[in-house]
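**Q** Need the 3D shape of this:
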Amino acid sequence: MFKNHPKGLLQAALSNMGERFGYYIMIAVLTLFLCSKFGVSDETSSLISGFFLAAIYIMSLVGGIIADRTQNYQRTIESGLIIMSLGYVCLSVPVMATPQNNSYLLAFTIFALVLISCGNGLFKGNLQAIVGQMYDDFEAEAAKEGPEKLKWAQGQRDAGFQIFYVFINVGALLAPFIAPVLRSFWLKSHGWLYNADLPRLCHEYINANGNIGQKDLSSLTELTHQVGGNVADLANFCPQYLDVFNTGIHLSFIASVVMMLISLAIFMKSKHMFPMPGRHEAVANVDYTPEERVAMAKEIRQRMYALFAVLGISVFFWFSFHQNGQSLSFFARDFVKTDAIPPEIWQAVNPFFVIALTPLIMLLFNHFTKKGHPITTPRKIALGMGIAGLAYLLLMVVSIANNYPSAETFTSYAPSVREGLKEGPWVLILTYFFLTVAELFISPLGLSFVSKVAPKHLQGLCQGLWLGATAVGNAFLWLGPLMYNKLPLWECWLVFAIVCGISMLVMAAMTKWLERVTNS
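**A** Presented below is the predicted three-dimensional model:
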């Protein structure tokens, strides 16, 4: 797999996998942790998580600027890993939250999230920039052997970023299972079972000094009995259960610390394999004529125009793709029979498809290359948008066939009626299949495209801009649930299909221009 790629690609991929493994362990339980630890509402927890995710993307731009200005990508990445590790260490401290210290602990937790977002900003985009620099050097070496060798080397970049992307998803596949296992283990070691609804009721009981409504008291009593707690002494059981429940989550944050340190160790041991662009710039410090400077400035402008064109398309892709955490999740809850499949399994479907399908897609691309008809990166991205549209066309056909109304209307039906109208899990699995294929045509290849067109002195910033485009797409995600609840369901999915279809056509219309800029 790594034979025809630059030395250091495996080490960079492993370092990224370790960091992503730790990150996905944390992100799988973050909103639940904020609710169970501090007793905040779902809305407040989602707001904090949303700001945290937005900060990660914003800090990627800052991290890229820092690395570009210092031209020391390696030191920037190391600093990011260390700062992230400190953030996870702060999260892993198992101090029990009480009404007296709740606000201070919540502020401390938010500080830990700030550290993680800052560290992630220094790390993520810049490691991607280093992978791009590896291929710059790889192609420069190949050019010494002639045009044919150079053309072959240029064809390896997309495959390299696909390999890099697979390692991200290995972490994403395994990580969601770690936190539930550790949490359940810690509860069982104290003689109790896991229940997601119990922490909220325990907080209500403690905050009201036991004076909660009869309905909530009955629910608390019933759930306490189910998990093996002492129903006769709720005043002692509630704080004890919360402490043990949240300590189990703190254990998963310790696992994140371990993975972060492993990632740091891999990177530091392997950094001699990675490029040092600052050294190249020192060697290549030449005086250019005014005409050469004008030509260089024009080329940089063309490259940046091409970059922003692809970023614009990627915004619509992430807006559609990340509905998997929005309207598609609600669709799974309301319209699909998913009772027999644990939630953790659904979280693993997408990364499983990424790992399983990447070798097949690489073989497909190689087949066309060997036949003398290579598919360029812009064309792959255009195809990806079309495949994403197929996912929503499938949902549209299913919704029309079942005559589904808006979700708001559907959830007003009697439970027995709703159950009879629900579809099987195959709908979600097939939808995720199409969306994952689209992701593999767009996300890793988008990283590859950015590394091709980014000016040498702006590589970190450009990788940060790619992550920033993801953030812009995420900013419009709320439109999905709004349409899902208000429109007949087929109309909701039609909107996404149209968005993907128009994006595909626009991208296809730009391919020749983008190919010229990429090859210039």
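**Q** Can you pull out the low-pLDDT segments for the protein?
**A** For the chain, applying pLDDT under 70 flags the ranges 1, 42-43, 277-296, 325, 339-347, 520.
**Q** Walk me through the domains of it.
**A** As assigned by automatic domain parsing, the chain contains the domains 7-175+253-272, 287-520.
**Q** what's the neighbour count on Leu390?
**A** Using other C-beta atoms under 10 Å, Leu390 has 19 other residues around it. Heads up, the C-betas are built off the backbone N, CA and C, glycines and all.
**Q** wait, I meant Phe108
**A** If you count neighbours by other C-beta under 10 Å, Phe108 ends up with 14.
**Q** returning to that earlier point: among the domains of the chain, which is the most enclosed?
**A** Mean neighbours per residue, mean count of other C-beta atoms under 10 Å, is largest over the domains of the chain for domain 7-175+253-272, with a mean of 20.
**Q** Would you map the helices across the stretch 1-150 of the chain?
**A** 9-38, 42-70, 73-92, 102-143, 147-154 (DSSP state H, counting those that start in this stretch).
**Q** Report the angle between the third one and helix 102-143.
**A** The directions of helix 73-92 and helix 102-143 differ by 150 degrees, with axes from the mean of the first three to the mean of the last three C-alpha atoms, to 10 degrees as the criterion.
**Q** helices and strands around helix 73-92, which ones?
**A** Here helix 73-92 touches helix 9-38, helix 42-70, helix 102-143, helix 234-270, going by 3 or more C-beta pairs under 8 Å, 6 or more residues apart in numbering; DSSP states H and E.
**Q** among these, which is nearest Gly424?
**A** For Gly424, the closest of the helices and strands packed on helix 73-92 is helix 9-38, at 25.7 Å, according to C-beta to C-beta.
**Q** Does that closest one pack against any helices or strands, and if so which?
**A** Short answer (3+ C-beta pairs under 8 Å, 6+ apart): helix 9-38 packs on helix 42-70, helix 73-92, helix 102-143, helix 156-189, helix 198-207, helix 234-270.
**Q** how about these in CSV, adding distance to Ile381?
**A** Below are those laid out as CSV (distance: least, C-beta to C-beta, whole Å):
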stretch, distance to Ile381
helix 42-70, 20
helix 73-92, 26
helix 102-143, 17
helix 156-189, 11
helix 198-207, 44
helix 234-270, 29
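**Q** Just tell me which of the ones you listed ends up closest to Pro405.
**A** With C-beta to C-beta as the criterion, Pro405 lies closest to helix 42-70 of these, at 25.6 Å.
**Q** could the helices and strands packed on helix 73-92 be laid out in TSV, adding distance to Lys149?
**A** Listed next are the helices and strands packed on helix 73-92 as TSV, based on distance: least, C-beta to C-beta, whole Å:
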stretch	distance to Lys149
helix 9-38	18
helix 42-70	30
helix 102-143	4
helix 234-270	26
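**Q** Of the domains of the chain, which is nearest Tyr205?
**A** domain 7-175+253-272 (10.4 Å).
**Q** Now do the closest one: distance to the chain's middle.
**A** Centroid separation for domain 7-175+253-272 versus its chain: 10 Å, with C-alpha atoms, centre = their mean, to the nearest Å.
**Q** what about that domain, start to end distance?
**A** Domain 7-175+253-272 has an end-to-end distance of 10 Å (C-alpha to C-alpha, to the nearest Å).
**Q** hmm, back to that, what would the domains of the chain look like in CSV with distance to Arg200?
**A** CSV is the format used below for the domains of the chain (distance: least, C-beta to C-beta, whole Å):
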stretch, distance to Arg200
domain 7-175+253-272, 7
domain 287-520, 17
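**Q** Compare those domains and give me the one nearest Leu220.
**A** Distance to Leu220, taken as C-beta to C-beta, is lowest for domain 7-175+253-272 among the domains of the chain, at 13.7 Å.
**Q** ok now stretch 348-360, how far from the chain's centre?
**A** Here stretch 348-360 shows a centroid-to-chain-centroid distance of 14 Å under the convention C-alpha atoms, centre = their mean.
**Q** what's near enough to touch Leu467?
**A** Ile56, Tyr57, Ser60, Leu61, Lys124, Gly125 (C-beta atoms under 8 Å, 6 or more residues apart in numbering).
**Q** quick one: contacts for the nearest residue to Met259 once chain neighbours are set aside?
**A** Counting by C-beta to C-beta, 6 or more residues apart in numbering, Met259 lies nearest to Gly22, which is 3.5 Å off, once chain neighbours are set aside. By C-beta under 8 Å, 6+ apart, the contact set of Gly22 is Met84, Tyr88, Gly171, Ala175, Ala255, Ser256, Val257, Val258, Met259, Met260, Ser263.
**Q** Nearest to Thr436 among those?
**A** Among the contacts of Gly22, Gly171 lies closest to Thr436 (C-beta to C-beta), at 16.0 Å.
**Q** isn't that closest one right up against Phe21?
**A** Yes - the pair Gly171 / Phe21 is scored as a contact, 3.4 Å apart, by C-beta atoms under 8 Å.
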